[in-house]
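make a model of this:
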Amino acid sequence: MNYIYNNKEEENKLLDRFCRYVKIWSESDGKAADAGVFPSTERQWDIAKILVKELRNLGTRNVYLTDNCYVVAKIDSNIVEPEERKKYPTILLMAHMDTVDEVTGENVKPVISMLSASESPTGQDDTIVKSDGTTLLGADDKAGVAAIMAAVEYLMNHYEEEGLQHGPIEVMFSPDEETGHGMDKVPLNILKADFAVTVDGGDEGELESECFNAWAANVRFTGKACHTGSGKADGMINAVTLAGEFAAALPHDMAPETTEGFEGFIAPMEINGTIESSNVEMLLRSFNTDEIENEKKIIKAAAEKVIAKFGGSYEVEFKQQYLNMKAKLDEHPEILERLEKAYADAGVKVIKQPIRGGTDGSRLTELGIPTPNIFTGAHEFHSRNEWLSLNQCAKAADVLINLLTQKVK
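Numbers count the residues shown, from 1 in each chain. Got it, this is the predicted structure:
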């Protein structure tokens, strides 16, 4: 069934909600997060407090704003008969409130265009939302937040309508997903869900149940400092040169810009330092844990090659960030079956593909709540070209409503 899509009143409410959310500056800070600050920015509290107020106004019970900036709400089942109520699982819907810090999310000005099928990038009459080009849009993941809120509002406003019976629902909006720390302080003690769904994907139809295994690496080079005028005589070893030579020695065919699909990558993300010491911060990604181990060997071999040529020394530290959620989700095939039926009921064709990244769901799956990911209708993430299809976002909300109102077989 379609509840939001092609319902002009509901679509307009969804559009208004999304545009309000993207105007709220909620950018996270990766360096602060890595240093242990949580949430990494105070501004994430601004959107959290607004969402708490809106959820309470919709009539949801037990709305929490935790000490760590997670918004959690509970919605009771609307089924009176206890035996009938058992036919519905408790489902958690999740999206993240922060936006990436690679492109500014301050002062977002959404630009709304109503396009014909021949003009629209989706190939149908659609409403497209972009920024004015000076910022990102913030559809990652405020499109997910808006789709969840639209689904919740619809169910709360049609509480007694035939065909909209549902079991217990939980909603959680998290901080700091973009920093990789979104589940660091997740309030598992107040979550009772049988499974969860993150609403954090892209194009209509995407249904994702596998993601990268993710590690971070920090390679520290130590050189020998001396006066630059007597560098040769005094045996200078420039740690900045070591870092640059190391980055150049990494295989180019394993870089993010040369890989796709199920191919992993090694990505130098930041280089800094002085003649005496330098650091190369890196990401390692692969769908296979054995390949991650091979990537670690490649990094060590490149560093050793540089030290053998120029002298100095190096240290490398590897840190696990998240794991591929596929193995855990394969243990619960009924979850994807339910989602596929919800897609079909909403008239959406399923597109299964891996996430070339991760979501809060990958971490939550590790913590014991199986959590696949669905689409939002957002495109060109983390850039000033980011845009949202209102049609597709409305379809995402419809998938959620169909999922929540689906009985257990």
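
show me what contacts residue 401?
Residues near residue 401 by Cβ atoms under 8 Å, 6 or more residues apart in numbering: 1, 3, 4, 151, 154, 155, 164, 346. Using the backbone N, CA and C atoms, a C-beta is placed for each residue, glycine as well.

where's it, which helix or strand?
Assigned by DSSP states H and E, residue 401 belongs to helix 390-404.

restrict that helix to CA atoms and write it as CSV.
Extracted in CSV, the C-alpha atoms of helix 390-404 (Å, rounded to 0.1, in the frame of the first residue of the first chain):
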residue,chain,number,x,y,z
LEU,A,390,10.7,13.4,-2.6
ASN,A,391,9.0,10.5,-4.4
GLN,A,392,11.7,8.1,-3.3
CYS,A,393,11.7,9.4,0.3
ALA,A,394,7.9,9.0,0.4
LYS,A,395,8.3,5.4,-0.9
ALA,A,396,10.8,4.8,2.0
ALA,A,397,8.2,5.9,4.5
ASP,A,398,5.6,3.6,2.8
VAL,A,399,8.0,0.7,3.1
LEU,A,400,8.3,1.3,6.8
ILE,A,401,4.5,1.5,7.3
ASN,A,402,4.1,-1.8,5.4
LEU,A,403,6.8,-3.4,7.4
LEU,A,404,5.4,-2.3,10.8
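
please enumerate the helices of the stretch 101-250 of the chain.
In the stretch 101-250 of the chain, the segments counted as helices under DSSP state H, counting those that start in this stretch are 139-157, 239-249.

and stretch 279-286, how far from the chain's centre?
Relative to its chain's centre, stretch 279-286 lies at 19 Å (Cα atoms, centre = their mean, to the nearest Å).

now do that stretch, average pLDDT.
For stretch 279-286, the mean pLDDT works out to 97.

buried stuff in that stretch?
Residues of stretch 279-286 classed as buried under the neighbour-count rule (16 or more other Cβ atoms under 10 Å) are 280, 282, 283, 284, 285, 286.

what's near enough to touch the closest residue to residue 163 other than its chain neighbours?
Nearest residue to residue 163 in three dimensions, chain neighbours excluded: residue 405, at 6.8 Å (Cβ to Cβ, 6 or more residues apart in numbering). By Cβ under 8 Å, 6+ apart, the contact set of residue 405 is 155, 163, 164, 165, 166.

kindly reformat those as a markdown table containing distance to residue 78 and pLDDT.
Below are the contacts of residue 405 laid out as a markdown table (distance: Cβ to Cβ, whole Å; pLDDT from 0 to 100):
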| residue | distance to residue 78 | pLDDT |
| --- | --- | --- |
| 155 | 8 | 96 |
| 163 | 12 | 86 |
| 164 | 8 | 94 |
| 165 | 6 | 94 |
| 166 | 6 | 95 |
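
quick one: which two of the residues you listed are the most distant?
Spatially, the most separated pair among those is 155 and 163, at 11.4 Å (Cβ to Cβ).

which residues touch stretch 264-272?
212, 243-244, 247, 250-251, 254-256, 258-259, 278-288, 291-292, 295, 298-299.

domain ranges for this protein?
If you go by the TED database, the domain ranges for the chain are 8-211+324-405, 213-322.

tell me the most buried of the ones you listed?
Counting by mean count of other Cβ atoms under 10 Å, domain 8-211+324-405 has the highest mean neighbour count of the domains of the chain, with a mean of 20.
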